[in-house]
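S.K.: Compute the structure for the input listed below.
(one chain, ligands or ions: 1)
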Amino acid sequence: MTEPVLDVRNLQLSFGALKATDGVSLTLRPGEIHALIGPNGAGKSTLIGLIAGTLTPDAGQVFLSGRDVTGTDVVARARAGLARSFQVSAVAGELTVLQNVVLAVQGARGQSFRFFRPALGQADLCEAAEAHIARVGLSDRRAVQAGDLAHGERRRLELAMALALCPRAFVLDEPMAGMGPDGAREMTALLDDLRHEAPILLVEHDMDAVFALADRVSVLVSGRVIASGTVAEIRADAEVQRAYLGEEMLE
Ligand SMILES: Nc1ncnc2c1ncn2[C@@H]1O[C@H](COP(=O)(O)OP(=O)(O)OP(=O)(O)O)[C@@H](O)[C@H]1O
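M.R.: Numbers count the residues shown, from 1 in each chain. Purely as a prediction, here's the structure:
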């Protein structure tokens with residue numbers, strides 16, 4: 001079996017007496033979308049924080065491409081290729097789409113190669129940025145100020161900026177949130193394409209999107225993974241049905 005890009009081992013974090021993350025292990029393999037679902041308060045955001053490095057676990061480890069990154073901070077993990085999106089957004093509303101992505105490319109490359117070669121020229125930066133913008137389908141909006149974008153377009157811009165990191169793994173927190181049916185369908189198609197760039201750990205409440213995209217689904221309840229498997233396995237799991245999935249989702 002191929003080595004996981006992301007390997008989370010027995011993570012634990014308590015807030016006082018509450019075990020928000022209670023011994024969670026999961027992996028993300030090359031090319032896959034692994035969805036993490038669970039009811040409100042199950043501990044999804046806490047787990048994402050532990051993986052991204054904004055929270056420090058009481059116990060357990062996070063490996064990125066075989067390297068133990070548990071002791072590193074959020075910036076180091078981003079530089080190591082962990083692209084987290086949608087909660088903390090670095091989009092500058094007064095800059096255009098192109099300017100935002102140029103800055104993201106510059107930031108990512110400048111950080112990595114500062115000591116090894118001169119900064120890239122403006123033309124190279126623009127070329128790289130244009131490629132990321134095209135990938136998310138925003139080319140005809142490149143000159144628009146980010147603050148004037150529609151909600152779904154802004155999410156696409158955030159993904160273009162995440163692409164600038166040359167990510168090894170995407171960690172996406174509710175990318176469909178706030179979108180209508182058309183927007184959700186477009187985002188679903190985009191994520192299906194981006195999985196070939198880097199595998200995606202997808203926290204999402206939109207079950208249509210989860211069932212359409214996920215190679216594997218893990219169900220988090222009260223800080224614990226109560227089931228993990230294919231979409232078909234999860235839909236058929238009696239404990240999952242009791243704990244989380246409503247009847248309408250199983251039809
Ligand atoms: N900083 C904190 N201090 C104390 N308790 C917290 C803190 N952050 C989260 N919690 C608690 O930990 C539990 C898990 O919260 P978390 O936000 O991770 O769940 P979630 O699955 O992301 O929920 P939602 O789907 O509503 O976003 C909840 O009971 C929450 O109240």
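
S.K.: Can you show me the helices along this structure?
M.R.: Along the chain, the stretches classed as helices by DSSP state H are 44-52, 74-79, 97-113, 122-135, 151-163, 181-194, 207-213, 231-236, 238-243, 247-250.

S.K.: Surely residue 178 and residue 151 touch.
M.R.: Yes: at 5.5 Å, residue 178 counts as touching residue 151 under the criterion of CB atoms under 8 Å. C-betas here are computed from N, CA, C, even on glycine.

S.K.: care to break the chain down by domain?
M.R.: 1-81+167-251, 90-166 (automatic domain parsing).

S.K.: Is it correct that residue 27 is in contact with residue 9?
M.R.: No: using CB under 8 Å, residue 27 is not in contact with residue 9; the gap is 9.2 Å.

S.K.: For the two, indicate the residue with more neighbours.
M.R.: residue 27 (20 against 16; other CB atoms under 10 Å).

S.K.: For that one, which non-adjacent residue is spatially closest?
M.R.: residue 4 (3.7 Å; CB to CB, 6 or more residues apart in numbering).

S.K.: quick one: contacts for that neighbour?
M.R.: 27, 28, 29, 63 (CB atoms under 8 Å, 6 or more residues apart in numbering).

S.K.: pLDDT score assigned to the first one?
M.R.: Just to be clear, that refers to residue 27. If you check residue 27, the pLDDT there is 97.

S.K.: Show me what it bridges to in the sheet.
M.R.: residue 7 (DSSP bridges).

S.K.: What separation do you get for it and the ligand?
M.R.: 20 Å (CB to the nearest ligand atom, to the nearest Å).

S.K.: Show the contacting residues for that residue.
M.R.: Counting by CB under 8 Å, 6+ apart, residue 27 has contacts 4, 6, 7, 8, 34.

S.K.: Number of residues surrounding residue 124?
M.R.: 12.
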